[in-house]
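K.L.:
no letters, just coordinates:
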Ligand SMILES: Cc1cc2nc3c(=O)[nH]c(=O)nc-3n(C[C@H](O)[C@H](O)[C@H](O)COP(=O)(O)OP(=O)(O)OC[C@H]3O[C@@H](n4cnc5c(N)ncnc54)[C@H](O)[C@@H]3O)c2cc1C
């Protein structure tokens with residue numbers, strides 16, 4: 001093994017790439033591996049810009065990868081945090097039906113929770129759920145006691161420590177610019193020179209589709225970036241929300257609807273919405289990339305998605321530009337909230353895969369090509385599920 005050759009190379013220093021590299025190295029002490037991250041630090045994109053919720057697994061279709069890997073992953077994430085002394089809090093959450101018309105969808109979540117093996121759920125009427133969240137309004141709620149909060153960037157850093165301890169090398173500031181497969185080996189061009197590896201693992205998040213194509217993997221899906229913008233609750237109004245309050249989500253979308261989330265580091269975030277982003281890693285409303293925009297607009301799947309969901313899209317855009325509209329959505333859950341109780345906060349961009357027929361890929365998706373595995377759809381709850389996803393990746397790689 002020379003310094004520039006390893007058994008595997010992971011592209012992407014987010015929580016999924018790091019969890020997978022950690023797993024592959026811990027599995028076999030003789031195995032060597034690289035992680036390449038183009039940014040100056042790890043967890044720079046989705047992993048460092050999310051809601052920080054350890055999801056329990058009630059939203060996902062029974063039998064799906066999201067369901068099984070989230071339920072297993074959540075338990076393992078909690079155990080990992082405990083073991084490593086990473087600050088987390090299993091504070092529980094409420095999912096609240098704000099009117100009678102949302103009750104069937106709320107009950108569907110209860111059914112899914114049971115089918116997926118999410119423990120401890122209770123149906124509560126308004127009197128009972130106000131004991132948990134005194135300012136919350138609605139007709140009925142599900143209390144999910146096992147949901148928690150954590151800083152996933154901190155978890156990712158702990159994974160990185162394990163990688164280094166197990167002999168792996170992490171290169172930051174190191175964008176993989178070109179990929180070539182030659183004589184059973186990958187040749188990766190980076191600003192730090194050429195590296196070689198037997199197996200390639202693409203965990204490039206918002207760029208995973210482009211990386212897959214660059215590695216010669218035929219895939220018809222495209223990552224469409226959806227920005228999620230947050231507001232922050234002012235500290236002097238923190239009594240409005242004790243922990244986590246969620247609406248009943250629109251079942252046609254993989255997004256959960258704007259909600260209230262207590263952060264492990266303090267404070268309460270309100271959001272995120274889900275607006276189409278014109279730049280894959282663009283965090284402000286003005287972020288624009290000609291290449292990303294042309295790619296989105298030139299993709300038939302985008303137009304088919306837009307034709308199906310334009311009404312929701314317009315609503316989300318409106319909520320992005322109008323604070324009053326954002327506040328109205330939040331007031332359905334907490335009517336005492338006033339516009340000046342919140343101020344603009346951070347934003348994240350979700351890597352959501354869309355198929356050529358315009359459908360949003362619901363489940364986690366992996367694709368194999370010669371000597372490579374590509375993680376092509378790993379949006380929420382992939383941070384929660386990362387330890388279980390890593391096992392799945394290791395199984396896929398070892399089977400090939
Ligand atoms: C707004 C928002 C809220 C969310 N809330 C939650 C939540 O509460 N709970 C939960 O479980 N999940 C949540 N998620 C989802 C979660 O954040 C993601 O599923 C998870 O972080 C995905 O990790 P990743 O490693 O696949 O991607 P990323 O963290 O995006 O990492 C991919 C990395 O690849 C790097 N990269 C790309 N191309 C190259 C290249 N050519 N060379 C080198 N490096 C490259 C990027 O710089 C990036 O660091 C949320 C996501 C968003 C956006």
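P.N.:
Perfect, thanks for sending it. Just so it is clear, the model here is predicted, and its values are computed rather than measured.
K.L.:
who touches the helix or strand of the chain with the lowest mean pLDDT?
P.N.:
Every helix and strand of the chain was ranked by mean pLDDT, DSSP states H and E. The lowest is helix 300-321, at a mean of 87. Residues outside helix 300-321 that contact it (Cβ atoms under 8 Å, 6 or more residues apart in numbering): 221-222, 224, 227, 229, 250, 252-253, 258, 273-276, 285, 296, 325-326, 329, 354-360. Quick note: C-beta positions are derived from backbone N, CA and C, even for glycine.
K.L.:
give me the next element, helix or strand, following that helix.
P.N.:
Following helix 300-321 in sequence order, the next helix or strand is helix 323-331 (DSSP states H and E).
K.L.:
in that next one, which residues are buried?
P.N.:
326-327, 329-330 (16 or more other Cβ atoms under 10 Å).
K.L.:
the very next helix or strand once past that helix and the ligand, are they touching?
P.N.:
Reading on from helix 323-331 to the C-terminus, the next helix or strand found by DSSP H and E is strand 342-354. Yes: interface with the ligand: strand 342-354 contributes 348-350 (Cβ under 6 Å from any ligand atom).
K.L.:
wait, which of these is closest to residue 61?
P.N.:
Comparing these against residue 61 with Cβ to Cβ picks out residue 350 as the nearest, at 18.8 Å.
K.L.:
what sits against the nearest residue to residue 96 once chain neighbours are set aside?
P.N.:
The shortest distance from residue 96 to any non-neighbouring residue, by Cβ to Cβ, 6 or more residues apart in numbering, is to residue 138 (4.0 Å). Each residue near residue 138 by Cβ under 8 Å, 6+ apart is listed here: 96-99, 126, 129, 333.
K.L.:
how close does residue 138 get to residue 128?
P.N.:
According to Cβ to Cβ, to the nearest Å, residue 138 stands 11 Å off from residue 128.
K.L.:
picking that back up, can you redo the residues of strand 342-354 next to the ligand as JSON lines with distance to residue 134 and neighbour count?
P.N.:
Formatted as JSON lines, the residues of strand 342-354 next to the ligand follow (distance: Cβ to Cβ, whole Å; neighbours: other Cβ atoms under 10 Å):
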{"residue": "348", "distance to residue 134": "29", "neighbour count": "20"}
{"residue": "349", "distance to residue 134": "34", "neighbour count": "24"}
{"residue": "350", "distance to residue 134": "32", "neighbour count": "22"}
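K.L.:
and of those, the nearest to the ligand?
P.N.:
The ligand lies nearest to residue 348 out of the residues of strand 342-354 next to the ligand, by Cβ to the nearest ligand atom, at 3.1 Å.
K.L.:
ok, which stretches of the stretch 151-300 of the chain are strands?
P.N.:
Counting by DSSP state E, counting those that start in this stretch, the stretch 151-300 of the chain has strands at residues 169-171, 178-182, 185-190, 193-202, 222-233, 244-247, 259-262, 268-271, 275-276.
K.L.:
looking at those strands, which is nearest to the ligand?
P.N.:
Per Cβ to the nearest ligand atom, nearest to the ligand of these: strand 222-233, 3.2 Å.
K.L.:
could I get the average pLDDT for that closest one?
P.N.:
In this model, strand 222-233 has a mean pLDDT of 96.
K.L.:
so it versus helix 300-321, what angle?
P.N.:
Interaxial angle, strand 222-233 versus helix 300-321 (axes from the mean of the first three to the mean of the last three Cα atoms, to 10 degrees): 10 degrees.
K.L.:
now, of the contacts of residue 138, which are buried?
P.N.:
With burial judged by 16+ other Cβ under 10 Å, the buried subset of those is 96-98, 129, 333.
K.L.:
in helices only, show me those residues.
P.N.:
Counting by DSSP state H, the buried ones among the contacts of residue 138 place residue 129 in helices.
K.L.:
make CSV from the buried ones among the contacts of residue 138 and add distance to the ligand to it.
P.N.:
Listed next are those as CSV, based on distance: Cβ to the nearest ligand atom, whole Å:
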residue, distance to the ligand
96, 18
97, 21
98, 21
129, 21
333, 17
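K.L.:
would you list the buried ones among the contacts of residue 138 in a markdown table and tack on pLDDT?
P.N.:
Shown next, in a markdown table, are the buried ones among the contacts of residue 138 (pLDDT from 0 to 100):
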| residue | pLDDT |
| --- | --- |
| 96 | 98 |
| 97 | 98 |
| 98 | 97 |
| 129 | 98 |
| 333 | 98 |
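K.L.:
so is the least confident helix or strand of the chain next to the ligand?
P.N.:
No: if you take Cβ under 6 Å from any ligand atom as the test, helix 300-321 misses the ligand, and the best it gets is 12.9 Å.
K.L.:
show me which residues of that helix are buried.
P.N.:
301-302, 304-305, 309, 313, 316, 319-320.
K.L.:
so what's the gap between stretch 54-71 and the chain middle?
P.N.:
Centre-to-centre, stretch 54-71 and its host chain are 13 Å apart (Cα atoms, centre = their mean, to the nearest Å).
K.L.:
who's in contact with the residue of the chain found nearest the ligand?
P.N.:
Closest residue of the chain to the ligand, Cβ to the nearest ligand atom: residue 14 (2.1 Å). Residue 14 makes contacts with 42-47, 156, 203, 205, as judged by Cβ under 8 Å, 6+ apart.
K.L.:
TSV please, covering those and showing pLDDT.
P.N.:
Listed next are the contacts of residue 14 as TSV, based on pLDDT from 0 to 100:
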residue	pLDDT
42	98
43	98
44	98
45	98
46	98
47	98
156	98
203	98
205	98
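K.L.:
now intersect these with the helices, please.
P.N.:
residue 156.
K.L.:
mark which of the contacts of helix 300-321 are buried, thanks.
P.N.:
Neighbour-count burial (16+ other Cβ under 10 Å) applied to the contacts of helix 300-321 gives 221-222, 224, 227, 229, 253, 258, 273-276, 296, 326, 329, 354-355, 358, 360.
K.L.:
alright, calling it a day.
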